[in-house]
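K.L.:
Predicted model, plus sequence, below.
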Protein chains: 4
Amino acid sequence: MLNIGILGATGYAGAELVRILIAHPELKRLALSSVSFEGKKLESVYPSFASAPAELGSLELESADAVLEKSYIVFSCLPHGHAEAAAKRCLAKGGLFIDISADFRFGEDEEPYKAWYGKSYGDPELYAQAVYGLPEFNRALIKKARLIANPGCYPTSAELGLYPVLAEGLADPDSIIIDSASGVTGAGREPNQSTHYPECADSISPYKVGAHRHQPEIDRYLSKMAGKPVSSVFTPHLAPMNRGIVSTIYFKLTKAIDVKDLHTLYSSFYEDEFFVRILPLGLNASSRNVRFSNFCDISLHLSSNGKTGIIVSTIDNMIKGAAGQAVQNMNLALGFKETAGLTMLPPAF
Amino acid sequence: MLNIGILGATGYAGAELVRILIAHPELKRLALSSVSFEGKKLESVYPSFASAPAELGSLELESADAVLEKSYIVFSCLPHGHAEAAAKRCLAKGGLFIDISADFRFGEDEEPYKAWYGKSYGDPELYAQAVYGLPEFNRALIKKARLIANPGCYPTSAELGLYPVLAEGLADPDSIIIDSASGVTGAGREPNQSTHYPECADSISPYKVGAHRHQPEIDRYLSKMAGKPVSSVFTPHLAPMNRGIVSTIYFKLTKAIDVKDLHTLYSSFYEDEFFVRILPLGLNASSRNVRFSNFCDISLHLSSNGKTGIIVSTIDNMIKGAAGQAVQNMNLALGFKETAGLTMLPPAF
Amino acid sequence: MLNIGILGATGYAGAELVRILIAHPELKRLALSSVSFEGKKLESVYPSFASAPAELGSLELESADAVLEKSYIVFSCLPHGHAEAAAKRCLAKGGLFIDISADFRFGEDEEPYKAWYGKSYGDPELYAQAVYGLPEFNRALIKKARLIANPGCYPTSAELGLYPVLAEGLADPDSIIIDSASGVTGAGREPNQSTHYPECADSISPYKVGAHRHQPEIDRYLSKMAGKPVSSVFTPHLAPMNRGIVSTIYFKLTKAIDVKDLHTLYSSFYEDEFFVRILPLGLNASSRNVRFSNFCDISLHLSSNGKTGIIVSTIDNMIKGAAGQAVQNMNLALGFKETAGLTMLPPAF
Amino acid sequence: MLNIGILGATGYAGAELVRILIAHPELKRLALSSVSFEGKKLESVYPSFASAPAELGSLELESADAVLEKSYIVFSCLPHGHAEAAAKRCLAKGGLFIDISADFRFGEDEEPYKAWYGKSYGDPELYAQAVYGLPEFNRALIKKARLIANPGCYPTSAELGLYPVLAEGLADPDSIIIDSASGVTGAGREPNQSTHYPECADSISPYKVGAHRHQPEIDRYLSKMAGKPVSSVFTPHLAPMNRGIVSTIYFKLTKAIDVKDLHTLYSSFYEDEFFVRILPLGLNASSRNVRFSNFCDISLHLSSNGKTGIIVSTIDNMIKGAAGQAVQNMNLALGFKETAGLTMLPPAF
């Protein structure tokens, strides 16, 4: 019986994680924390959770302290800057800590974290142990990890989209442009003016152009994939949909390649990856085909003059971009089947 | 190993049924038919189905004939007026036939079927065997049925909403008004002007006011529930959302009742029904809390003068209103756990 | 040159009023107040207002005091309970005061206002002067009014839909049910959980069932129209669209009437009303056909047994339901052409 | 009195043109053609047009022949490949012909038109007379033109966004990437699978990646603006909204420039252009601020390393991208005020 704790269970990533874990085939008990709703049940925040199976636990919201006390596996869905103490406590008793915030994504490299998130490392050694939880890139390390930094949603789509061409040296590292659109759940549960229905429905709005903090995370891991420094341009847009990220990625090819060969490269590169689906040539990846699933769909294209590669990479931002990938990481770290609890197909509509 | 056939697998109800059955815990093989896409794979129609587990069958689309040949359990998702021959063939070999169209919903009563659907019964005895597949109303019969008429989506929401007050004689049978809004998937997969995005987004449109063919189905079963003739008024609206039906139901109370007593009545009436969730007083049922699930959420209200009962009943039109209820019926008829394959909680967003 | 002041110009009704007045053919200067944005320009709150013609005024946001000082015509878009002092000041200098809040809608009748809005009248005589600004019902009084209570959005749709049958005594006054859906702008500009995009997109949610404060306003004016007490049941729903109200209205007919005669009654009743469009029989009123206009579209139906009348009445909640009707009232009170500034046709999509 | 004819008045561009022309201040009579709806009134296709002022004409749909007979000014909203004969007939009697299709956009250059639209020129001299109707680029020629090729929607957004940097030589002509999202009205009135509500709501889908026929139009005019060949990469996406195009445009700077200087360049370049609004630095252009208007909003950004310019350019695809720009062209060609009939501000929500 797994004792699983979720810190910050009433945020969107937390609630999605609870939903996925409830349907996970391994026996478990869930303990949930919430600062705002302590003492209430999860279904009082999200009525959709009424009728959750009682054997999983009461789904009552407790203090973080209580959750840490009783849990061996801890998922942290707290805002950035709050994971360090909880991680130390969990690791001290030999547990597994999976952080969905950005806190551990820069590992030993404090400088960009400081610059973009405005926080310092309390215990640098802790950060140095963190493994970046992108299984398709880092599986071997994740299997042995105790402290996992779950990737950001935009970075997951961009990194999976670019990994094969970077690994093959086919993309000019100074030419990469990542143009992404995200559903509104990406902004979290807290209402604000830009997520107020009448101000985001029926329109597309770029934001933080040239200055989004997923940029350094993306560049950090694209550079690792390429084996040399990559400096990309990343622009996020808010789109009038609940879920999904579509990243349309452009890069100058370092040598001419036929689109069929590009397709062969990707198909072979991701041959054993259940969650990455390379679309047949001629199809375009769309967020509708991955919603409510852990899949990343990728379609491959060239510009009409053949000089620019165009990759469309799409995920459900709350699943492969957050809660689902976290469960995939848990499965790996605990030696379960990697796809356990994550085989749901996306609904057709 | 269950050999399950789905006729009309590329329509919306069919595709949703495939998705639910893929995740169903009983071992099965699926055979799928499609007139328009015979010879193709389901994923060529719905790319979301790529990566479906191969052990279930190839998800290749065949002729209805081929599907009927190899299947013991048959779900028919054909348009109205096409189920009779298939049902006879399936029953002749001792199979189970579950029809998602309206063909068998009027049982022995050909007249309203003729009047509203413009078709005659070829073999009236066949129709007389059909059991109306609303488990919360008809469970005992469904368990023994070989031919099941799966209820319409609007009727499911209305009938579950009204059953307790009708059974208790609390609702004046001539006063019932059912005002419903449905997501656009209710109109099926075939594009037309009224489902063209720019002509249904951002607006609410009533349709077939006073003349929708779910009306006679609703009245037929409300009358059975009440034990006397019920003549309701039913108005459907098209709403700018993919899934979900919200039925707001009004009726004159035959005697004064406190809203708390109304709540107690419903809670007790549906106490053992996993899929019917009676909301705490003060909450309002919303389609967002049942999407992608087989639940029916019901909230209870009175008008300010206490003379009119107001029931809000909401379902996912494609699941409890179609494919999910069909699987629930299959589970009952085959002696499986009634909730098998249907325990997924609705996502919180 | 009209000196027009708008109190609370940065709320949704205020901003829509500014947009309509900018295009109004009479010469005017606008003065705008805002508590939250005093000192800024309107375009800093709504970038859509950039390039507004300079001759109208700077569209700089000032204090309410400054606006009242320089304006002869005052529109108040303040929250409920704030209009009294401003109205007195405006009337004292012989101005015209049009209040978009509910403050004056109950006229001399303080009791329901107290009960539903929790405020008392400071100066009851002031309230007794207020004219309810529904031009199709109250035109003669509006022309002479100095203090106009602009109707609520739901009440406007319900009252225009029912006026002819009430005036003719065709509707049983105890049988009326008004089932309405509104776009999210009806909730105003302030973000909250229920208007957060991910929590209202893709679903329909009833709210304040049996207890919405537009109910007493509706009953008050339906009673005046009927010449006897009317006690209706009113249920609002939040729908995933920006604008528009669709009210589907049910009532028992007091005597049998053919739907053609009902249509003739409405067509003749509203023959001279530019803003009320009675649809040809067979069509259904839809909010998409009135968006961004001051029209009220009405379609007429009977239940299949002919005993219940069904009226669908739809408006743009921000225009005929708020800012447009306020301008219509201003036009009448100032002796302008009633349609001045309000002739824009709804876009087809 | 202007006699204006609209060929293909029941398509989306045609209907929007009618709506704009109805509110245009110059006296006119409208004659409308439709193949599918000849003999009906426009309001039978779009009920929103009920109550259009009678003095404009009956808004009855006639044959193209009848419309051409009575009109001096002709707007053609026919599908590609149908404008030539109508244009000749109109010009022969000294009229003004404005074509909203792509037929004349390549002027004397038949080759790309043949390659991308699959049609040949019947009378090459006719095409050579055509003036590309982008007023901000081609105003002097438009004033004298009798045959105007109204630009495509995507090209309008891209060309206005890039004109200043191309004219100044600041953008590397081989580095330009145009990533665009469009509302669904861009696909026209004809329903199909990809515009069926359930298949485009709640998701973003790229289409015709690397192969959209607006690409050669864009490159043709960017090259004219730059004074040298430009070869851009253009990717359109379908977004779940009715109207609006957002083009996010990337290019390598040929020399370092501060973002403030970029802003100064654009502000000064477009200083006299009423319809181009350069946003203050720090704001992001969003389609919500231009909907239902003829404005093009542009915001200016640099990548974090300062090497890539990022321009966001947004229009209403049906107005500045089609019908509004056509009216702007008519105003210029007839010597009216350029903004006549086009001063409507975008609604704030």
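P.N.:
Arrived safely, thanks for sending.
K.L.:
which ones are touching the residue of chain A positioned farthest from its centre?
P.N.:
What lies farthest from the middle of chain A is A:N305; by CA atoms, centre = their mean that is 33.8 Å. Contact analysis of A:N305 by CB atoms under 8 Å, 6 or more residues apart in numbering or on different chains lists D:S231. C-betas here are computed from N, CA, C, even on glycine.
K.L.:
quick check: angle from the helix or strand hosting A:V246 to strand D:245-252?
P.N.:
Assigned by DSSP states H and E, A:V246 falls within strand A:245-252. Here strand A:245-252 runs at an angle of 30 degrees relative to strand D:245-252 (axes from the mean of the first three to the mean of the last three CA atoms, to 10 degrees).
K.L.:
Are the helix or strand just after strand A:245-252 and chain B in contact anywhere?
P.N.:
Under the assignment DSSP H and E, the closest C-terminal helix or strand after strand A:245-252 is helix A:259-269. No. Contact of helix A:259-269 with chain B (CB under 8 Å from any CB of the partner chain) is absent, the minimum separation being 12.5 Å.
K.L.:
Export helix A:259-269 to PDB, keeping only CA atoms.
P.N.:
Extracted C-alpha coordinates of helix A:259-269, given in PDB (Å, rounded to 0.1, in the frame of the first residue of the first chain):
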ATOM      1  CA  VAL A 259      10.700  15.400 -45.000                       C
ATOM      2  CA  LYS A 260      10.400  11.600 -45.300                       C
ATOM      3  CA  ASP A 261      13.800  11.200 -43.800                       C
ATOM      4  CA  LEU A 262      12.900  13.600 -41.000                       C
ATOM      5  CA  HIS A 263       9.800  11.500 -40.400                       C
ATOM      6  CA  THR A 264      11.900   8.300 -40.300                       C
ATOM      7  CA  LEU A 265      14.400   9.900 -37.900                       C
ATOM      8  CA  TYR A 266      11.600  10.800 -35.500                       C
ATOM      9  CA  SER A 267       9.700   7.500 -35.800                       C
ATOM     10  CA  SER A 268      12.800   5.600 -35.100                       C
ATOM     11  CA  PHE A 269      14.100   8.000 -32.300                       C
END
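K.L.:
From the contact counts, what lies against that helix?
P.N.:
helix A:153-167, strand A:276-278, strand A:296-302 (3 or more CB pairs under 8 Å, 6 or more residues apart in numbering or on different chains; DSSP states H and E).
K.L.:
what angle sits between it and strand A:296-302?
P.N.:
Using the same axes, to 10 degrees: helix A:259-269 against strand A:296-302 is 160 degrees.
K.L.:
and helix A:259-269, what's its mean pLDDT?
P.N.:
Averaging pLDDT along helix A:259-269 yields 98.
K.L.:
can you check stretch A:42-56 too?
P.N.:
For stretch A:42-56, mean pLDDT is 87.
K.L.:
what's in contact with the host helix or strand of A:D65?
P.N.:
Take DSSP H and E as the rule and A:D65 turns out to sit in helix A:64-70. Outside of helix A:64-70, the residues within contact range by CB under 8 Å, 6+ apart are A:3, A:5-7, A:31-33, A:35, A:74, A:78, A:86, A:89-90.
K.L.:
Which helix or strand lies directly C-terminal to that helix?
P.N.:
strand A:73-76.
K.L.:
And that following strand, what does it pack against?
P.N.:
Judged by 3+ CB pairs under 8 Å, 6+ apart, the packing partners of strand A:73-76 are strand A:2-7, helix A:84-92, strand A:96-99, helix A:324-334.
K.L.:
Any part of stretch A:104-111 near chain D?
P.N.:
No. Contact of stretch A:104-111 with chain D (CB under 8 Å from any CB) is absent, the minimum separation being 14.7 Å.
K.L.:
Can you give me the end-to-end span of that stretch?
P.N.:
Its first and final residues considered, stretch A:104-111 spans 12 Å by CA to CA, to the nearest Å.
K.L.:
ditto for stretch A:121-139
P.N.:
26 Å.
K.L.:
Let's test this: mean pLDDT of the strand holding A:V246, rounded?
P.N.:
98.
K.L.:
Could you please name the strands it pairs with and the direction of each pair?
P.N.:
strand A:177-182 (antiparallel), strand A:308-315 (antiparallel) (DSSP bridges).
K.L.:
what about the longest one, distance to the chain center?
P.N.:
Going back to what we said before, that points to strand A:308-315. Relative to the centre of its chain, strand A:308-315 is centred 17 Å away, using CA atoms, centre = their mean, to the nearest Å.
K.L.:
and the angle from that strand to helix A:153-167?
P.N.:
140 degrees.
K.L.:
how about strand A:308-315: buried residues?
P.N.:
Neighbour counts over strand A:308-315 (16 or more other CB atoms under 10 Å in any protein chain shown) mark A:T308, A:G309, A:I310, A:I311, A:V312, A:S313, A:T314, A:I315 as buried.
K.L.:
Equivalent analysis for the shortest one, please.
P.N.:
Using 16+ other CB under 10 Å as the burial criterion, the residues of strand A:177-182 that qualify are A:I177, A:I178, A:D179, A:S180, A:A181, A:S182.
K.L.:
show me what contacts A:S180?
P.N.:
Counting by CB under 8 Å, 6+ apart, A:S180 makes contact with A:Y154, A:S157, A:A158, A:F234, A:T235, A:P236, A:H237, A:I245, A:V246, A:S247, A:T248.
K.L.:
Dump the buried residues of strand A:177-182 to JSON lines, plus pLDDT and distance to C:L300.
P.N.:
Output for those, formatted as JSON lines (pLDDT from 0 to 100; distance: CB to CB, whole Å):
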{"residue": "A:I177", "pLDDT": "98", "distance to C:L300": "56"}
{"residue": "A:I178", "pLDDT": "98", "distance to C:L300": "55"}
{"residue": "A:D179", "pLDDT": "98", "distance to C:L300": "50"}
{"residue": "A:S180", "pLDDT": "98", "distance to C:L300": "49"}
{"residue": "A:A181", "pLDDT": "98", "distance to C:L300": "44"}
{"residue": "A:S182", "pLDDT": "98", "distance to C:L300": "45"}
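K.L.:
which one of these sits closest to chain B?
P.N.:
A:S182 (13.6 Å; CB to the nearest CB).
K.L.:
these two touch, right, that closest one and A:H237?
P.N.:
Yes. A:S182 lies in contact with A:H237 (CB atoms under 8 Å); the separation is 7.2 Å.
K.L.:
In the stretch 1-150 of chain A, which residue sits closest to chain C?
P.N.:
Counting by CB to the nearest CB, the stretch 1-150 of chain A gets nearest chain C through A:Y12, at 7.4 Å.
K.L.:
Ramachandran angles for that residue?
P.N.:
Per-residue torsions, A:Y12: phi -60, psi -40 (degrees, to the nearest 10).
K.L.:
Please spell out which residues along stretch A:193-206 are buried.
P.N.:
Buried positions in stretch A:193-206, judged by neighbour count with 16+ other CB under 10 Å: A:T195, A:H196, A:Y197, A:P198, A:E199, A:C200, A:A201, A:D202, A:S203, A:I204, A:S205, A:P206.
K.L.:
That stretch vs chain B: in contact?
P.N.:
Yes. Stretch A:193-206 reaches chain B (CB under 8 Å from any CB) through A:A201, A:D202.
K.L.:
So that stretch, near chain D or not?
P.N.:
Yes. Using CB under 8 Å from any CB, we find that stretch A:193-206 touches chain D at A:P198, A:E199, A:C200, A:A201, A:D202, A:S203, A:I204, A:S205, A:P206.
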